[in-house]
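Student: Got a predicted model here, sequence first, then my questions.
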Amino acid sequence: MSGIDEARLGEWMAANVAGYAGPLAITRFAGGQSNPTFKLETPGKAYVLRRKPPGQLLKGAHAVEREARIISALEPTGFPVPHVHGLCTDDSVIGTWFYVMDLVEGRIFWDATFPDVPREQRPLYFDAMNETLARLHTIDYVALGLSDFGRPGNYFERQIARWSQQYREDAEAGRDENLDRLIEWLPANIPADDEASIAHGDFRCDNMIFHPTEPRVIAVLDWELCTIGHPLADFAYHAMMYSMPPHIVAGLAGADLLALNIPSEADYVAAYCRRTGRASMPGYDFYVAFNFFRIAAIFHGIKGRAIRGTASSAQAQERVRILPELTALAWAQAQKAGAK
């Protein structure tokens, strides 16, 4: 059961979605999305609905209106996003705010080694991801009317302070030696460059839809963490796949890249630099260490909620279990950037 009033939603669709014709069938997509996502099927077309979850929500969280805004702003630029038909901020329709967009048919790869792709074609898929993110970072967000979508400047200072504070305040989750080291080392070693661009925030292979047969990204999904941020933080989060064990999130650590015909990390960074007009990326190891720290801080928060009994899922318990491994990876990456 979707928990959505099909008749009320159908009325809203008829009034707000061009060409809509019922009847309407609703099924929820499986997965751990923090914003519940549903497939809407009619005899002539299928759509996707993303809604805020019901109940008391943290301020600023589950902002489906921000998702709808960024996707709608990017569509006229030709960037691969679904078409958004409308945003509903009337709780009386289905109980929470939501937006409806087109369903994009294609392939999603949950494994970063792209095992279902022929070996000779794998470099093309990696190049497609690289090109798509580089294109996002070179879009003029001010020209799109997004200057108020985030706070440009001092991105690393603000993010490190935010996650450090959350870590320190969650006494029940305990302390971690590697996180303590990172909280001391990161603020003192932020690279001098201070750039701002649209940052997706969760750019991974499984948040993209690829063409059914071609090595081409046709839709980027899950814009919940999007903001105006530092492009190299966003790129390093994506490139972190090279250091990430696949049992944590989709990653390539331990994979034989040569045998798989997957570009090396150095070549992947160089391709992004070439596309964005950079000679090199001297702060790369710092940017990756920061992203490991960010994920570790999130997992530490999950540990606190699990101890308090507010995060009891099997996924939450698994993230608590791997937290020490993740913080060790974060500190090892900082050591690559010169930490002692």
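Tutor: On my side now, so go ahead. Please read all numbers here as calculations on a predicted model, not as lab measurements.

Student: quick one, what contacts the residue nearest to the spatial centre of the chain?
Tutor: Centroid check for the chain by CA atoms, centre = their mean gives D202 as the closest residue, at 1.6 Å. Residues near D202 by CB atoms under 8 Å, 6 or more residues apart in numbering: 222, 224-225, 237. Where you see a C-beta, it was placed from the backbone N, CA and C, and this is true even at glycine.

Student: Pop the domain breakdown of this structure in here.
Tutor: Domain assignment of the chain by automatic domain parsing yields the ranges 6-102, 119-336.

Student: TSV for those domains, including mean pLDDT and distance to A112?
Tutor: Below are the domains of the chain laid out as TSV (pLDDT from 0 to 100; distance: least, CB to CB, whole Å):
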stretch	mean pLDDT	distance to A112
domain 6-102	89	17
domain 119-336	94	4
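
Student: Among the ones you listed, which comes closest to F109?
Tutor: Each of the domains of the chain was scored for nearness to F109 using CB to CB, and the closest is domain 119-336 (4.9 Å).

Student: Distance from the closest one to the middle of the chain?
Tutor: When C-alpha coordinates are averaged (CA atoms, centre = their mean, to the nearest Å), domain 119-336 and its chain have centres 8 Å apart.

Student: From the opening residue of it to its closing one, how far?
Tutor: End-to-end span of domain 119-336 (CA to CA, to the nearest Å): 31 Å.

Student: wait, A68 sits on T89?
Tutor: No: between A68 and T89 there is no contact under CB atoms under 8 Å: 10.0 Å.

Student: ok, the two, which is more surrounded?
Tutor: A count of neighbours by other CB atoms under 10 Å puts A68 above the other of A68 and T89, at 23 against 12.

Student: Distance of that one relative to V84?
Tutor: For A68, the distance to V84 equals 5 Å [CB to CB, to the nearest Å].

Student: Show me what the longest helix along the chain is packed up against.
Tutor: Using DSSP state H, we find that the single longest helix of the chain is helix 284-308. Contact partners of helix 284-308 among helices and strands, from 3 or more CB pairs under 8 Å, 6 or more residues apart in numbering; DSSP states H and E: helix 155-169, helix 177-185, helix 231-239, helix 314-336.

Student: mind listing what's buried in that helix?
Tutor: Buried residues in helix 284-308, defined by neighbour count with 16 or more other CB atoms under 10 Å: 284-297, 299-306.

Student: now do stretch 205-216
Tutor: Neighbour counts over stretch 205-216 (16+ other CB under 10 Å) mark 205-211, 215 as buried.

Student: hang on, the earlier thing: on the three-state scheme, the residue nearest to the centre of the chain is what?
Tutor: In three-state terms, and counting by DSSP: H, G, I helix; E, B strand; the rest coil, D202 is coil.

Student: what number of residues lie near A259?
Tutor: A259, neighbours per other CB under 10 Å, totals 8.

Student: Could you measure from it over to V117?
Tutor: The gap separating A259 from V117 is 14 Å, by CB to CB.

Student: can you pull the contacts of F98?
Tutor: Residues in contact with F98 (CB under 8 Å, 6+ apart) are 49-52, 64, 87-88.

Student: can we see that at 10 Å?
Tutor: Neighbour list for F98: 4, 9, 12, 35-38, 49-52, 64-65, 68, 86-91 [criterion: CB atoms under 10 Å, 6 or more residues apart in numbering].

Student: same deal with D206?
Tutor: 31, 108-112, 221-222, 249-250.

Student: can you confirm H247 is in a strand?
Tutor: No: according to three-state DSSP, H247 belongs to no strand; its state is coil.

Student: A253 is in contact with that one, correct?
Tutor: Yes: assessed by CB atoms under 10 Å, H247 is found in contact with A253 at 9.5 Å.

Student: Counting neighbours, go ahead and name the busier of the two.
Tutor: Per other CB under 10 Å, whichever of H247 and A253 has more neighbours is A253, with 15 against 11.

Student: Tell me the secondary structure at the more buried one.
Tutor: At A253, secondary structure determined by three-state DSSP is coil.

Student: Setting aside sequence neighbours, what's the nearest residue to it?
Tutor: In space, and not counting its chain neighbours, A253 is closest to P245: 4.6 Å by CB to CB, 6 or more residues apart in numbering.

Student: Run a quick neighbour tally on that neighbour.
Tutor: Counted with other CB under 10 Å, P245 comes out at 15.
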